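**Q** Predicted model and sequence below, questions to follow.
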Amino acid sequence: MSADRLLVAVFASSTAEVLLRWGAELGFRTVLVEPGDAAVEVRADRTVRGFAELEDELAAGTADVVVTDHHRDELGELLRDALAHPARWVGVMGNPRQEGPHVAALTALGVPAEEIARVHRPIGLDIGSKQAAEIAVSTLAGLLADRNGRPGGFAHGG
């Protein structure tokens, strides 16, 4: 297991719980970013309220950041902060057939279009995922394929 494998789940959710639990099994160090009161208990190696607390961990540019709830008010600010760091991969859950709310939120915060385009959506392989465990496994499979230089079925884009 490589110490550079960092998986950051943004927002405590049922998907984040499975994602971080299974991510740890796959050798990732795990971090939960939850700025408010968590509705779901999520275990991680570390829990923080924002990306400012992760300066050292993110400096290497090897973190995979997965936003597990696109309905939260803090979405824009947290994504802006994630994009301000050299994260290896940033993705947001959501339906790829509709523009994600992250686009408007980031635009309103003055984030340039080329930075917004770094945000992947959907976050996992196209396996028809609906439930939290399915979303987590498709996301982890996609991240591993991407990390290993394999296409893995990812649809690239913002």
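**A** Noted; the coordinates are in hand. Numbers count the residues shown, from 1 in each chain.
**Q** so what's the most centrally placed residue in the chain up against?
**A** For the chain, residue 66 is the residue whose C-alpha lies nearest the centre (CA atoms, centre = their mean; 0.8 Å). By CB atoms under 8 Å, 6 or more residues apart in numbering, the contact list for residue 66 reads 7, 8, 9, 10, 16, 19, 91, 93, 123, 139, 143. Every C-beta, even on glycine, is put in place using the N, C-alpha and C of the backbone.
**Q** For the chain, give me the ranges with low pLDDT.
**A** Applying pLDDT under 70 to the chain flags the ranges 1-3, 153-158.
**Q** need the longest helix for it.
**A** Longest helix in the chain, counting residues (DSSP state H): helix 132-147.
**Q** residue boundaries of the helices in the protein?
**A** 14-25, 55-58, 75-83, 101-108, 113-116, 132-147.
**Q** Touching stretch 105-113 from outside, list them.
**A** Residues from elsewhere that reach stretch 105-113, judged by CB under 8 Å, 6+ apart: 75, 76, 77, 79, 80, 83, 115, 116, 119.
**Q** could you measure the nearest residue to the fourth one once chain neighbours are set aside against residue 22, distance?
**A** By that I understand residue 79. Spatially, and ignoring its direct neighbours in sequence, residue 79 is nearest to residue 102 (5.5 Å; CB to CB, 6 or more residues apart in numbering). Between residue 102 and residue 22 the computed distance is 24 Å (CB to CB, to the nearest Å).
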